[in-house]
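**Q** Just to be clear, the model below is a prediction. Sequence and coordinates:
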Amino acid sequence: MVRTMSRGGRTSSGSLVAAAFGVTLALSVSSQALAQDRTPTQRQTLSDLAYVLGQSHALRQACQGVTDQFWRGRMVKLVEAEAPDPAFNTRLNSAFNAGFSAAQARYPACGPDSRAAEAAAAARGQALAGSLAKPVADN
């Protein structure tokens, strides 16, 4: 598959900041609760966040090139922070890979549609991370 790359193909600063904020928030919350200590709802939220990180990885690569590993690196840090049991680790990795494959298939090249999808993924990631932080913030 051939990817088109744009020199100006950077993520809009708003969506990148929103996504980075969401992941940063999730990582800070994760240091306070390991995956095995999470409720089933929180574990599902982490799985959903892994899916969004996979989407974000594919969408960023569509514009930045296949060597870009920004969101994959964030996923690695999330897994390290959560220290999931083997079964949940597999679930998180599968969710990331499914998100990556779905976004890569739908948006194989950089363009307005992939950028809109990237902004939507950033907003979803921020919302998911916020929902993980809420129980901690309420204590």
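**A** Yes, it's here. What you see is a predicted model; the values in this text were computed from it and never measured. Numbering: from 1, shown residues only.

**Q** Mind telling me what element Thr45 is part of?
**A** Using DSSP states H and E, Thr45 sits in helix 40-64.

**Q** Quick check: buried residues in that helix?
**A** 42-43, 45-64 (16 or more other CB atoms under 10 Å). To be clear about C-beta, it is placed using only N, CA and C from the backbone, and glycine gets the same treatment.

**Q** cool, and stretch 61-79?
**A** Applying 16+ other CB under 10 Å to stretch 61-79 flags 61-64, 70-72, 74-75, 78-79 as buried.

**Q** cool, and stretch 84-104?
**A** Neighbour counts over stretch 84-104 (16+ other CB under 10 Å) mark 84, 88, 91-92, 95-96, 99-100, 103-104 as buried.

**Q** circling back: distance to Ala109 and pLDDT added to the buried residues of stretch 61-79, as TSV?
**A** Output for the buried residues of stretch 61-79, formatted as TSV (distance: CB to CB, whole Å; pLDDT from 0 to 100):
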residue	distance to Ala109	pLDDT
Gln61	11	96
Ala62	6	96
Cys63	9	94
Gln64	12	94
Phe70	18	93
Trp71	18	94
Arg72	20	95
Arg74	23	92
Met75	23	94
Leu78	28	91
Val79	29	92
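
**Q** how much space is there between the residue most central in space within the chain and Ala116?
**A** For the chain, the residue whose C-alpha lies nearest the mean C-alpha position (CA atoms, centre = their mean) is Leu53; its distance is 1.7 Å. Distance of Leu53 to Ala116, given as CB to CB, to the nearest Å: 18 Å.
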